[in-house]
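# Model the following, please.
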Amino acid sequence: MKIIVTEYTFIDSFRAHGRENQFSYPALRALFEYFEAFEDDTGEELELDPIAICCEWQEFETALSGAKAFGYLDGVDSKDETPIEWLENRTQALEFTDGVVVRVF
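Residues are numbered from 1 along each chain as shown. Alright, predicted model coming up:
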């Protein structure tokens, strides 16, 4: 049995699992759009698992703070990459208006 997951049900599922403070609303919207695009691009249906998403993704206020959390040394090993490029070359990073969500690697 399956249900259609809308943006509202996706976001509400985090509250239902006690994870309402894990991500900001804009971060959850970015994640929903990412997963929806992934399904459209691959034809693969994903299972909604808010706990797994919380374990696999982390939100940061900026791409620089996210990159630094994963070892980026601004100006030392960046090889002319911006922080978001550095992240995207090493993992998945979803930049949105208020920050970035990074897949933990």
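# where does Asp12 fall, helix, sheet strand or coil?
Secondary structure, DSSP: H, G, I helix; E, B strand; the rest coil: Asp12 is helix.
# That one: neighbouring residues, count only.
A count of nearby residues for Asp12, using other C-beta atoms under 10 Å, gives 15. C-beta here means a position set from N, CA and C on the backbone, and glycine is covered the same way.
# Could you do Met1 as well?
With other C-beta under 10 Å as criterion, Met1 counts 2.
# Tell me, what's the model's pLDDT at it?
Note on Met1: pLDDT of 74.
# I'd assumed Glu44 was in contact with Phe38.
Yes - contact criterion C-beta atoms under 8 Å: Phe38 and Glu44 qualify, at 7.4 Å.
# low-confidence ranges in the chain?
Applying pLDDT under 70 to the chain picks out residues 74-79.
# residue ranges of the helices in it, please?
Secondary structure of the chain (DSSP state H): helices at 7-16, 25-42, 50-56, 63-69, 83-88.
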